[in-house]
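Asker: after the sequence you'll find the predicted model.
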Amino acid sequence: MRTKQLLLRSGLTVAAVAALPLALTAGPAAAASGISVSTSGSTVSVTTTACSRTAANGGWGTASLLTSSQANFSQGRQVALSGTTSLQSAAWSSVSPGTYTVIVMCAYNNSTAGTQSIIVSGSATPTISATATASPSRGVMGGLGGATKDYGTLTLAAGGGLVAVGAVAAVWFLRRRRSRPYRL
């Protein structure tokens, strides 16, 4: 019976040690954006479910497309949201290549539904060739930005070493504790 408890405890400890780096690198849940931005050629579109109520004037809200030199919502290219209570959307056409930030403001409570950066690359008129295979664009660079940066071998090896040291320390602690007599 005692051996089963010890194995269960050590298994849970090893699982906790293995999950610790993942928990430390995960961002807070509130950091998730309430919008989804996509690009196709020179068209940028945004969808959201956050603006599910209309204002007194009947509008869902407004979306703004900001260049890197623009600092706030009012400076961007603004488009009114259209849609239903379950999904609202907006789109901009003839967008030049570059990095942009999309901000969506709900009309009902004047709150920000979300903010997201996107890179527009490609020509204003996409060409389709029967012989060429389509390749995906870079797409949306959402989240906290961890997916867009390559940390390199040294950083990954250092992180793996820290996990290994933590696992060895946990095993050493449990074995040392097991050698002591059981006390009440």
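Answerer: Yep, it's here.
Asker: and the helices in the protein?
Answerer: 2-25, 152-179 (DSSP state H).
Asker: and the average pLDDT for the shortest one is what?
Answerer: Mean pLDDT, taken over the full extent of helix 2-25, equals 53.
Asker: didn't A91 look like it was pressed against A80?
Answerer: No. Using Cβ atoms under 8 Å, A91 is not in contact with A80, being 11.0 Å away. All C-beta atoms are positioned from the backbone trio N, CA, C, and that covers glycine.
Asker: would you list every one of the strands in this structure?
Answerer: 35-40, 43-48, 61-67, 77-80, 82-83, 88-92, 98-106, 112-120 (DSSP state E).
Asker: V165: which of those is closest?
Answerer: strand 112-120 (36.1 Å; Cβ to Cβ).
Asker: residues in contact with that closest one?
Answerer: Under the criterion Cβ atoms under 8 Å, 6 or more residues apart in numbering, residues 33-39, 42, 44, 46, 48, 50-51, 61, 95-106, 138, 140-142 lie in contact with strand 112-120.
Asker: which secondary structure element of the chain has the lowest mean pLDDT?
Answerer: Using mean pLDDT, DSSP states H and E, helix 2-25 stands out as the lowest-scoring helix or strand of the chain, at a mean of 53.
Asker: buried residues, stretch 39-53. List them.
Answerer: By 16 or more other Cβ atoms under 10 Å, the buried positions in stretch 39-53 come out as T39, G41, S42, V44, S45, V46, T47, T48, A50, C51, S52.
Asker: how about JSON lines for those, with distance to G152 added?
Answerer: Listed next are the buried residues of stretch 39-53 as JSON lines, based on distance: Cβ to Cβ, whole Å:
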{"residue": "T39", "distance to G152": "28"}
{"residue": "G41", "distance to G152": "33"}
{"residue": "S42", "distance to G152": "34"}
{"residue": "V44", "distance to G152": "32"}
{"residue": "S45", "distance to G152": "34"}
{"residue": "V46", "distance to G152": "33"}
{"residue": "T47", "distance to G152": "35"}
{"residue": "T48", "distance to G152": "35"}
{"residue": "A50", "distance to G152": "37"}
{"residue": "C51", "distance to G152": "41"}
{"residue": "S52", "distance to G152": "43"}
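Asker: just these now: which is nearest T84?
Answerer: The nearest one, if we look at those relative to T84 and count by Cβ to Cβ, is S52, at 8.8 Å.
Asker: now A50, nearest residue through space, not along the chain?
Answerer: A113 (3.6 Å; Cβ to Cβ, 6 or more residues apart in numbering).
Asker: can you get me a residue count around the one you found?
Answerer: 22 (other Cβ atoms under 10 Å).
Asker: pLDDT at it, what is it?
Answerer: For A113, the model assigns a pLDDT of 84.
Asker: could you do W60 as well?
Answerer: For W60, the model assigns a pLDDT of 85.
Asker: again with T133
Answerer: Turning to T133, the model gives it a pLDDT of 45.
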